[in-house]
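Chemist: What would the 3D arrangement of this be:
(one chain, ligands or ions: 1)
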Amino acid sequence: MPGRAIRNGFLDAVKEGLKKPKACPFNCIKTCDVTNSPYCIMLALYNAYKGRMDHGYAFAGSNAWRCDKILKVSELFDELKAGYNTKLTSL
Ligand code: SF4
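Modeler: Residues are numbered from 1 along each chain as shown. Have a look, this model is predicted:
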């Protein structure tokens, strides 16, 4: 199953083979083989959920690279509307 994740130190450590799980705490995925897993995805996602990004990671959509700041939803919609109106007037 492909997924897009934001690269961080945790994923770099996974790539280097440094995050092998020592045990399986939840048996949450039938096909997960703890002896061969590069990391425990359950713990990684739970850590990310708790904000502990040095012990987890986040998935993102294909437009994540466009984000350079955190916006309020109302600000985002104002930008989208302005872009839409600009496009309409150029037609
Ligand atoms: S993701 Fe973690 S908790 Fe879930 S089955 Fe694999 S090792 Fe166990």
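
Chemist: Just the CA trace of the longest helix along the chain, in CSV.
Modeler: Secondary structure of the chain read by DSSP state H shows that its longest helix is helix 73-89. Presented in CSV, the C-alpha positions along helix 73-89 are these (Å, rounded to 0.1, in the frame of the first residue of the first chain):
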residue,chain,number,x,y,z
VAL,A,73,-9.5,27.7,7.1
SER,A,74,-11.1,31.1,6.5
GLU,A,75,-7.8,32.4,5.1
LEU,A,76,-7.4,29.4,2.8
PHE,A,77,-10.9,29.8,1.4
ASP,A,78,-10.3,33.6,0.9
GLU,A,79,-7.2,32.6,-1.1
LEU,A,80,-9.0,30.0,-3.1
LYS,A,81,-11.9,32.4,-3.8
ALA,A,82,-9.5,35.1,-4.9
GLY,A,83,-7.7,32.7,-7.2
TYR,A,84,-11.0,31.5,-8.6
ASN,A,85,-12.2,35.0,-9.3
THR,A,86,-8.9,36.0,-10.9
LYS,A,87,-9.2,33.0,-13.2
LEU,A,88,-12.8,33.8,-14.1
THR,A,89,-11.9,37.4,-15.0
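
Chemist: how about the residues of the protein near the ligand?
Modeler: For the chain, the contact set with the ligand under C-beta under 6 Å from any ligand atom comprises 21, 24-29, 32, 34, 37, 40-42. C-beta coordinates here come from the backbone N, C-alpha and C atoms, glycine included.

Chemist: out of those residues, who's nearest Leu76?
Modeler: Proximity of the residues of the chain next to the ligand to Leu76 was ranked by C-beta to C-beta; the top entry is Ile41 with 29.8 Å.

Chemist: I figured the closest one was touching Pro25, is that so?
Modeler: No - taking contacts as C-beta atoms under 8 Å, Ile41 lies outside contact range of Pro25: 11.6 Å.

Chemist: Same drill for these two, tell me which one is more crowded.
Modeler: Neighbour count, other C-beta atoms under 10 Å: between Ile41 and Pro25, Ile41 has more, with 15 against 12.

Chemist: Contact partners for that one?
Modeler: For Ile41, the residues meeting the contact criterion (C-beta atoms under 8 Å, 6 or more residues apart in numbering) are 29, 32.
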